[in-house]
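S.K.: Predicted model follows, preceded by the sequence.
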Amino acid sequence: MMNRKLFLILFLNIVVSFGLASAATAQQVPSASLLDPQTAEKANAHNAHEDELYQSAKDALDNGEYDNAIRQFDEVIKIHGRKADGAMYWKAYSLNKAGNKAQALTAIGELRKNYPKSNWLRDAGALEQEIRGVSNPDNISDEELKLLAIQSLMNSDPEKAVPLLEKIINGNYSPKLKERALFVLAQSNSDKAQQILMTLVKANNQPDLQKRAIRNMGMNSNPRNRAVLKEIYNSSADVSVKKTVFQAWLMCGCKDDVASLAKTEKNPELRREAIRYLGMMGGRAELLDFYKNSPDVETRKEAVGAMLMCGCARELAEIVQTEKDPEVLDKAINTLGLVGGEESLAALTKAYNSQADVATKKKVINALFLHGAGKEMVALAKKETNPELKRSLISKMSLMSSPEISDYMMEILNK
């Protein structure tokens with residue numbers, strides 16, 4: 001069976017943004033915590049839109065859709081926000097991949113001109129050397145073979161391998177090679193390797209590598225790493241860096257650290273992030289605590305939604321029976337439908353029979369539909385006397401397939 005931590009690395013490589021570098025020299029949107037609520041909301045919306053465009057462009061690049069990526073990076077650049085210089089670098093990278101070397105060099109020139117202090121200039125320099133074919137005596141001619149050799153040295157003679165990895169990480173090499181070297185470095189238990197890793201997680205001059213180093217720290221949940229992760233989270237003003245720390249906590253299973261943070265975090269976005277990660281980490285008791293003790297509806301809804309990821313059918317069933325706030329109740333009903341299992345099915349059927357409100361019953365019908373509960377929906381439809389609810393049940397069942405539904409539809413047609 002695949003090692004749990006290696007599985008989490010692969011999982012995070014898929015779902016996590018590798019291109020969310022935040023350049024200190026790019027035009028900044030003021031921190032939401034320093035603004036009035038209305039302005040803060042606009043700032044958060046602006047940042048979210050920029051992040052979405054940037055990630056979409058990175059996804060297109062990763063999928064080999066270079067022309068699409070170039071267009072989307074241009075959209076990010078036009079915003080003149082936090083990601084502009086990063087988008088310029090990746091635009092140049094995409095242009096080179098698409099075979100437009102001259103345009104790629106022009107994009108690198110624009111990056112140097114517009115952002116002379118950008119953290120992306122080092123990677124841009126490596127890319128420029130690659131495009132121009134400049135000879136570098138330290139260049140690695142065969143990346144794959146070189147890394148295999150270094151990995152072999154890590155197993156037999158780590159004292160020799162670690163300096164080579166450090167040289168790659170700090171040199172003018174491709175981002176891909178640096179990322180692979182960092183992964184190999186993170187496997188080492190040598191003091192020197194750990195020192196290099198510590199330096200990288202605290203530095204912001206290579207944003208992508210910093211975030212990858214932070215995630216790699218989650219491969220080892222020793223007290224030193226946990227202390228450093230807390231320090232990074234508390235000292236960083238970059239939301240994307242803080243979110244990366246959550247990913248490291250997920251890898252090391254540091255549920256207590258996330259739960260503790262969630263109780264004190266003032267930033268609503270990060271507090272919601274903490275609650276979601278508690279769901280991924282199986283924090284049933286912690287989520288129930290948030291649900292019961294949080295005064296605001298949004299936090300309670302977030303806790304209920306996160307219960308999906310840890311399969312909290314029993315907790316959700318209790319919430320559906322006792323919750324009075326319509327928004328939270330709707331969220332609990334819908335989440336219960338997605339959880340699946342006999343316990344949630346019994347709870348939904350009970351909720352339908354105990355609720356008097358037609359709108360709430362319709363929510364339960366939709367949850368039963370999400371659950372695929374054809375047999376139970378047929379039983380409810382046969383007993384239902386309210387024409388509107390009966391029609392809603394039959395409408396949902398018309399989109400489903402089961403022997404019970406087929407028989408019931410035949411009964412309707414034969415009447």
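M.R.: Received the coordinates, thanks.

S.K.: didn't Lys363 look like it was pressed against Lys331?
M.R.: No. Counting by CB atoms under 8 Å, Lys331 is not a contact partner of Lys363; they are 9.7 Å apart. Every C-beta, even on glycine, is put in place using the N, C-alpha and C of the backbone.

S.K.: all helices in the stretch 101-250 of the chain, in order from the N-terminus.
M.R.: Counting by DSSP state H, counting those that start in this stretch, the stretch 101-250 of the chain has these helices, from start to end: 101-114, 121-132, 143-156, 158-170, 175-186, 191-202, 207-217, 223-235, 239-252.

S.K.: chain center to the last one: distance?
M.R.: What that stands for is helix 239-252. Between the centre of helix 239-252 and the centre of its chain there are 9 Å (CA atoms, centre = their mean, to the nearest Å).

S.K.: in the next helix or strand along the chain from it, what counts as buried?
M.R.: Once the chain leaves helix 239-252, the next helix or strand it forms, by DSSP states H and E, is helix 255-264. Within helix 255-264, the residues scored as buried using 16 or more other CB atoms under 10 Å are 255, 257-259, 261-262.

S.K.: Can you give me the buried ones in stretch 194-205?
M.R.: 194, 196-197, 200-201, 204.

S.K.: now those as a markdown table including distance to Lys176 and pLDDT?
M.R.: What follows is those, written out as a markdown table (distance: CB to CB, whole Å; pLDDT from 0 to 100):
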| residue | distance to Lys176 | pLDDT |
| --- | --- | --- |
| Gln194 | 23 | 82 |
| Ile196 | 19 | 87 |
| Leu197 | 19 | 86 |
| Leu200 | 16 | 87 |
| Val201 | 20 | 85 |
| Asn204 | 21 | 69 |
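
S.K.: Hmm, Arg271 is touching Thr264, no?
M.R.: No. Between Arg271 and Thr264 there is no contact under CB under 8 Å: 9.0 Å.

S.K.: what helix or strand does Leu345 sit in?
M.R.: Using DSSP H and E, Leu345 falls in helix 342-354.

S.K.: swap that for Ile394, please
M.R.: Secondary-structure assignment from DSSP H and E places Ile394 in helix 387-397.

S.K.: and whichever helix or strand comes after that helix, C-alpha only, in PDB?
M.R.: The first helix or strand that comes after helix 387-397 along the chain, using DSSP H and E, is helix 403-414. Provided in PDB are the C-alpha atoms of helix 403-414 (Å, rounded to 0.1, in the frame of the first residue of the first chain):
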ATOM      1  CA  PRO A 403     -36.300  -1.200  -9.800                       C
ATOM      2  CA  GLU A 404     -38.600   0.400  -7.100                       C
ATOM      3  CA  ILE A 405     -38.800   3.600  -9.200                       C
ATOM      4  CA  SER A 406     -39.600   1.700 -12.400                       C
ATOM      5  CA  ASP A 407     -42.400  -0.200 -10.700                       C
ATOM      6  CA  TYR A 408     -43.800   3.000  -9.200                       C
ATOM      7  CA  MET A 409     -43.700   4.800 -12.500                       C
ATOM      8  CA  MET A 410     -45.600   1.900 -14.100                       C
ATOM      9  CA  GLU A 411     -48.200   2.100 -11.300                       C
ATOM     10  CA  ILE A 412     -48.700   5.800 -12.200                       C
ATOM     11  CA  LEU A 413     -49.100   5.000 -15.900                       C
ATOM     12  CA  ASN A 414     -51.600   2.200 -15.200                       C
END
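
S.K.: could you give the angle of the helix or strand following the helix holding Leu345 to helix 387-397?
M.R.: Toward the C-terminal end, the helix or strand that comes next after helix 342-354 (DSSP H and E) is helix 358-371. Using axes from the mean of the first three to the mean of the last three CA atoms, to 10 degrees, the direction of helix 358-371 lies 20 degrees away from that of helix 387-397.

S.K.: buried sites along helix 358-371?
M.R.: So, applying 16+ other CB under 10 Å, buried residues of helix 358-371: 360-371.

S.K.: ditto for stretch 185-192
M.R.: For stretch 185-192, the neighbour count (16+ other CB under 10 Å) marks 185-186, 188, 192 as buried.

S.K.: what do you get for stretch 315-331?
M.R.: Neighbour counts over stretch 315-331 (16+ other CB under 10 Å) mark 315-317, 319-320, 323, 328-331 as buried.
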